[in-house]
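Student: what shape does this take:
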Amino acid sequence: MSESQGTEGTTQRLPVIERAADPVGEYEPPPPTEEKEAEAGGTGRFWSARRVPAGIVALVLLVVAGAFLYDVAAVRAGRSAMHWRRELARQLAERPLDDIWVLVGAGVAAAVGLWLIVLAVTPGLRAVLPMRRTHADVRAGLHRKAVATVLRDRAMEVSGVQSVRVRTRRRKSDVRAVAHFRELDEVRADVEAVLAEAVRGLGLVRPPAPAVRVARPGRKG
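Tutor: Numbering: from 1, shown residues only. Take a look at the predicted model:
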């Protein structure tokens with residue numbers, strides 16, 4: 001009994017150190033510096049996959065190449081060439097370079113080639129606005145419609161605003177509000193302040209500057 005009591009007497013409960021929980025929703029990541037943004041790989045627009053133009057070009061090339069390959073194989077097998085290829089060869093040999101159809105065909109080919117070059121060197125996805133990058137391996141963007149919805153909801157919180165229409169572009173957001181009471185200048189100032197804070201909170205690389213217009217509702221009838 002004495003040994004068991006001595007053993008129990010030496011047993012002590014260790015203190016538990018608890019970490020105070022941070023309040024939810026109060027943490028905001030610091031905005032990245034220019035050096036961090038440069039290390040993250042740039043903040044340009046998102047590149048489009050161009051699936052529709054690529055599919056159309058691939059389909060046209062497949063049909064044209066398949067037709068020529070079939071005709072060449074038929075000629076090699078001892079058959080005569082197709083009428084369309086003989087006619088095409090005759091037209092190319094007889095028509096002068098200043099012929100109207102030759103110029104039209106050359107213009108169409110040049111326009112299509114220029115269009116493909118523009119698609120190849122431009123990123124596309126103009127409707128997606130890039131956000132600031134806080135991590136090198138994470139990149140995010142907001143659609144213009146989502147930005148317009150956020151700005152419209154924030155503008156509707158201003159006292160005196162009856163309705164709001166927002167159209168967001170790459171550099172600017174056109175905001176048209178209708179105020180049914182209060183002075184228009186006061187409503188405009190409040191809307192501009194609210195939208196400026198909302199745009200900063202979106203975390204966009206190039207925030208669209210809000211252009212606010214406030215008017216009275218039109219007369220019915």
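Student: tell me which strands and helices the host helix or strand of residue 109 is in contact with?
Tutor: Secondary structure from DSSP states H and E places residue 109 in helix 100-121. Here helix 100-121 touches helix 51-76, going by 3 or more Cβ pairs under 8 Å, 6 or more residues apart in numbering; DSSP states H and E. Backbone N, C-alpha and C define where each C-beta goes, glycine included.
Student: angle of the helix it packs on against helix 100-121?
Tutor: Between helix 51-76 and helix 100-121, the angle comes out at 130 degrees (axes from the mean of the first three to the mean of the last three Cα atoms, to 10 degrees).
Student: which is the next helix or strand following helix 51-76?
Tutor: Using DSSP H and E, the helix or strand that follows helix 51-76 in sequence is helix 83-94.
Student: tilt between that next one and helix 100-121?
Tutor: Using the same axes, to 10 degrees: helix 83-94 against helix 100-121 is 100 degrees.
Student: circling back to that earlier point, so what touches the helix holding residue 109?
Tutor: Surrounding helix 100-121, the residues in contact under the criterion Cβ atoms under 8 Å, 6 or more residues apart in numbering are 50, 53, 57, 95-96.
Student: now tabulate those residues in JSON lines and tack on distance to residue 86 and pLDDT.
Tutor: Listed next are those as JSON lines, based on distance: Cβ to Cβ, whole Å; pLDDT from 0 to 100:
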{"residue": "50", "distance to residue 86": "37", "pLDDT": "81"}
{"residue": "53", "distance to residue 86": "32", "pLDDT": "82"}
{"residue": "57", "distance to residue 86": "27", "pLDDT": "87"}
{"residue": "95", "distance to residue 86": "15", "pLDDT": "85"}
{"residue": "96", "distance to residue 86": "20", "pLDDT": "87"}
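Student: from those residues, which is closest to residue 209?
Tutor: Within the contacts of helix 100-121, the smallest distance to residue 209 is 30.2 Å, found for residue 50 (Cβ to Cβ).
Student: show me what counts as buried in stretch 191-205.
Tutor: By neighbour count on 16 or more other Cβ atoms under 10 Å, the buried set for stretch 191-205 is 191-192, 194-195, 198-199, 202-205.
Student: any low-confidence regions in this protein?
Tutor: 1-43, 219-221 (pLDDT under 70).
Student: and the residue nearest the centre of it?
Tutor: Geometric centre of the chain, nearest residue: residue 128, 1.8 Å, by Cα atoms, centre = their mean.
Student: you'd agree that one is up against residue 142?
Tutor: Yes: Residue 128 is within contact range of residue 142, at 7.1 Å (criterion: Cβ atoms under 8 Å).
Student: residues of the helix holding residue 109 that come out buried?
Tutor: For helix 100-121, a neighbour-count test (16+ other Cβ under 10 Å) marks nothing as buried.
Student: also stretch 63-83?
Tutor: residue 71.
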